[in-house]
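In: sequence first, then the predicted structure:
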Amino acid sequence: MSHTDSPRSRTAVGCTLLVIALGAGLTACSAEDSPLASEPYDAADQVSFNGLSGEGKLTDPDRPLEVLVQDADGRITDVTAVDAAGRYVAGELAADGSRWNSTSPLAAGARYTVRVSTENESGSPGRKVFTFDTGRPSAKKRLNVTFGPRKGTYGVGQPLTAQLSQPVRERAQRAVVERALKVRSTPWVEGGWHWVDDKELHYRPKDYWPAHSTVEVSSHLEGIKIGNRVWGGRAKPLKISIGDQVVAVTDAAAHQLTLFKNGEEVKSVPVTTGKPGFETRNGVKVVIGKEYFVRMRGTSIGISADSSESYDLPVYYATRVTWSGEYVHAAPWSVGSQGAANVSHGCTGMSTANAEWFFDSVREGDVVKVENSGGDTMEPFGNGFGDWNVPWQKWQEGSALNAGPSQAADALQTARLRPTAT
């Protein structure tokens, strides 16, 4: 052995000789030059443990046990972990001795003894022995799916929704979920899922649903592993019917609303839409509710009660198209402006008789489209169903099964919601 060898090199060679010599029944190292003959030092400050909250504390048996070197000049030479029943835990030691981690699962509700052997820069051996108790494994989370809307008959613009009980963020896990959500329409039409956020998906066809079709949605997620400790749960299937194709088109510049049924014009009525500063949103909206009576107040949209813009009005035959309070409703106070000027605070107003006709002519899921307004385009998500304002190619990019990034999160962040207006 050369005098230029480092202490660590001498230790490694000496131990190799020890193994060989023991096999031959000879003595390889003398008490004077073998570090193995010396009393191991306490390596408590040399190693740390991940997965434990402290010696004797409970650890999650679903997580691997890790032993790490804290001293840059030291290294781990061996680790053994065994429970009270004598069962050893398999592990893997890094080549440089910097870390050791278990590769077999720990038992729940068991006590383990772990022996860690180390050596320092000079080759002196260290030893750390500790015990810990494992707790019970964390309960598996069930990812349940709730489909919407409710069972019933809807218009051709009604998207399907899937609400998840647990957030799903990773694309691979989203793909698992999406593959298990099955939609069948009769007659068949091309369609796809779009992730709105971590817990919500929408499904729509490329074009509107065919009139008088049926749509069924179900989940095959039950018992499927989605991610770490997350498994698919049950979901109640849903079947809805689609009624006539009803599309209402409001031309804000011409101050007219025209209703079409199955492609045929039914009626055109004079209306008023949002005035400057309160412009009605352009784009496609979907009827999300009908309320015979609504009390509308200017204070709900930030208008001071003593402002000249303030209002507090009883409103009848209110057909809701956004959650923030945009309606098509009766506005008898503005009949003189209907068909001639836009004077509302964002809603589409018409005479009481025309509002009653419209109220009776539409159902949830019917399409309400606004053109030629000075307002922004209807938000895709978060304020009702603006799904149809997303071009089909962009819609497909919101699927975890396609390569493109989802635009839904950005759309939600930029959505500008306005409360009830008149």
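Out: Structure received.

In: tell me, what residue is most central in this protein?
Out: The C-alpha lying nearest the average C-alpha coordinate of the chain belongs to residue 198 (C-alpha atoms, centre = their mean; 1.0 Å).

In: relative to residue 177, how far out is it?
Out: Applying C-beta to C-beta, to the nearest Å, the value for residue 198 to residue 177 is 11 Å. C-beta coordinates here come from the backbone N, C-alpha and C atoms, glycine included.

In: what do these two both touch?
Out: Shared contacts of residue 198 and residue 177 (C-beta atoms under 8 Å, 6 or more residues apart in numbering): 164, 168.

In: count of neighbours near residue 96?
Out: Other residues lying near residue 96 total 9 when counted by other C-beta atoms under 10 Å.

In: now for it: which residues touch it?
Out: Contacts here follow C-beta under 8 Å, 6+ apart; on that basis residue 96 touches residue 75.

In: ok, for residue 190, nearest residue in space, not its chain neighbours?
Out: Of all residues not flanking residue 190 in the chain, residue 206 sits nearest, at 4.6 Å (C-beta to C-beta, 6 or more residues apart in numbering).

In: hmm, I was thinking of residue 164
Out: residue 199 (4.5 Å).

In: likewise for residue 243?
Out: For residue 243, ignoring the flanking residues on the chain, the nearest one in space by C-beta to C-beta, 6+ apart is residue 153 at 5.1 Å.

In: what of residue 304?
Out: Excluding its sequence neighbours, the residue lying closest to residue 304 (C-beta to C-beta, 6+ apart) is residue 310, at 6.5 Å.

In: over to residue 313?
Out: With C-beta to C-beta, 6+ apart as the measure, residue 296 is the residue that lies nearest to residue 313, at 5.3 Å, once sequence neighbours are left out.

In: looking at this, that neighbour is in a strand?
Out: Yes - remark: residue 296 belongs to a strand, assigned using DSSP: H, G, I helix; E, B strand; the rest coil.

In: quick revisit: isn't the residue nearest to the centre of the chain up against residue 169?
Out: Yes - A contact is recorded between residue 198 and residue 169 when judged using C-beta atoms under 8 Å, the distance being 5.3 Å.

In: low-confidence ranges, the stretch 201-350 of the chain, go.
Out: Along the stretch 201-350 of the chain, the parts satisfying pLDDT under 70 run over 301.

In: helices of that one, start to end?
Out: In chain order, the stretch 201-350 of the chain shows no helices, with DSSP state H, counting those that start in this stretch as the criterion.

In: against residue 254, how distant is the residue nearest to residue 385 when sequence neighbours are not counted?
Out: Nearest residue to residue 385 in three dimensions, chain neighbours excluded: residue 286, at 3.9 Å (C-beta to C-beta, 6+ apart). With the distance defined as C-beta to C-beta, residue 286 ends up 23 Å from residue 254.

In: what about the closest residue to residue 343 other than its chain neighbours, how many residues nearby?
Out: Once its chain neighbours are removed from consideration, residue 343 has its nearest residue in residue 337; the separation is 4.6 Å (C-beta to C-beta, 6+ apart). Counted by other C-beta under 10 Å, the residues lying close to residue 337 total 18.

In: with residue 196 instead?
Out: Residue 196 has 23 nearby residues by other C-beta under 10 Å.

In: surely it meets residue 385?
Out: No - using C-beta under 8 Å, residue 196 makes no contact with residue 385, being 10.8 Å away.

In: overlap in contacts, these two.
Out: residue 202.

In: hang on, the earlier thing: how about the contacts made by the residue nearest to the centre of the chain?
Out: 164, 167, 168, 169.

In: ok, residue 338 next?
Out: In this structure, residue 338 makes contact with 255, 270, 271, 272, 331, 349, 350, 351, judged by C-beta under 8 Å, 6+ apart.

In: residues contacting the fourth one?
Out: When you say that, I think you mean residue 272. Residues touching residue 272, when contacts are defined by C-beta under 8 Å, 6+ apart, comprise 255, 331, 334, 337-339, 341-344, 348-350.

In: need the phi and psi values for residue 177.
Out: Here is the backbone geometry of residue 177 (degrees, to the nearest 10): phi -60, psi -50.

In: I'd like to know how many residues surround the residue lying closest to it once chain neighbours are set aside.
Out: Setting aside the residues directly before and after it, residue 177 is nearest to residue 168 in space (C-beta to C-beta, 6+ apart), at 5.6 Å. Number of residues near residue 168 (other C-beta under 10 Å) recorded here: 23.

In: show me where the stretch 251-400 of the chain has strands.
Out: With DSSP state E, counting those that start in this stretch, the ranges of strands along the stretch 251-400 of the chain come out as 256-261, 264-270, 283-286, 289-297, 312-320, 327-330, 348-350, 367-371.
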